[in-house]
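Q: whatever this is, show me its structure:
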Amino acid sequence: MQEAKVKVGVGNALLKLLSAWEPLKLSDPQQKEVLALFNKLALGHAVTPEVANEVWIDAQPGAITVGDQVRVKLDAYQGSTGSMHNGRRGKVVGIRYGDIIFKSNDDKEPILDGAHYSPHQLQKRVQ
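A: Numbers count the residues shown, from 1 in each chain. All right, here's what the predicted structure looks like:
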């Protein structure tokens, strides 16, 4: 790791991850899947299954109206904020000064009622 000029803190974290990784004995496809999911979850991104017949597009300012079904992008936020908000679904209940005001309807806790989002952090359901 010294040759790769990895910083000490990063190197120590990598060594701990590798020591936990080795005993797992995963196949190559399993390793790839675990790493992809771990990367998303470690950053606080949401991992949600796709629902058949649903089509989501990135929301555009001015193209969202009250009553639209929206979801927070799966990678809109990082860390604990991301864990609470990313992937949450709801209905637009208001638009104020460019902010989209959202009420969750995805049966997850905590209920987000009156949360404000930039349209750039949202996706709009079009089908």
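
Q: tell me if residue 35 really is in a helix.
A: Yes. Applying DSSP: H, G, I helix; E, B strand; the rest coil, one finds residue 35 inside a helix.

Q: residue contacts, residue 44?
A: Residues counted as contacts of residue 44 (C-beta atoms under 8 Å, 6 or more residues apart in numbering) are 77, 78, 79, 80, 81, 82, 83, 86. C-beta here means a position set from N, CA and C on the backbone, and glycine is covered the same way.

Q: secondary structure class for the nearest residue to the third one once chain neighbours are set aside?
A: Across the structure, with C-beta to C-beta, 6 or more residues apart in numbering as the measure, the residue nearest residue 79 apart from its sequence neighbours is residue 44 (4.6 Å). Assigned state for residue 44: coil (three-state reduction, three-state DSSP).

Q: tell me how far residue 44 lies from residue 81.
A: Separation of residue 44 from residue 81 (C-beta to C-beta, to the nearest Å) stands at 7 Å.

Q: quick one: contacts for the nearest residue to residue 111 once chain neighbours are set aside?
A: The shortest distance from residue 111 to any non-neighbouring residue, by C-beta to C-beta, 6+ apart, is to residue 104 (5.6 Å). By C-beta under 8 Å, 6+ apart, residue 104 lies in contact with 88, 89, 90, 111, 112, 113, 115.

Q: contacts for stretch 48-68, please.
A: Defining contact as C-beta under 8 Å, 6+ apart, one finds that stretch 48-68 is touched by 70-71, 73-74, 87, 91-95, 98, 100, 119-120, 122-127.
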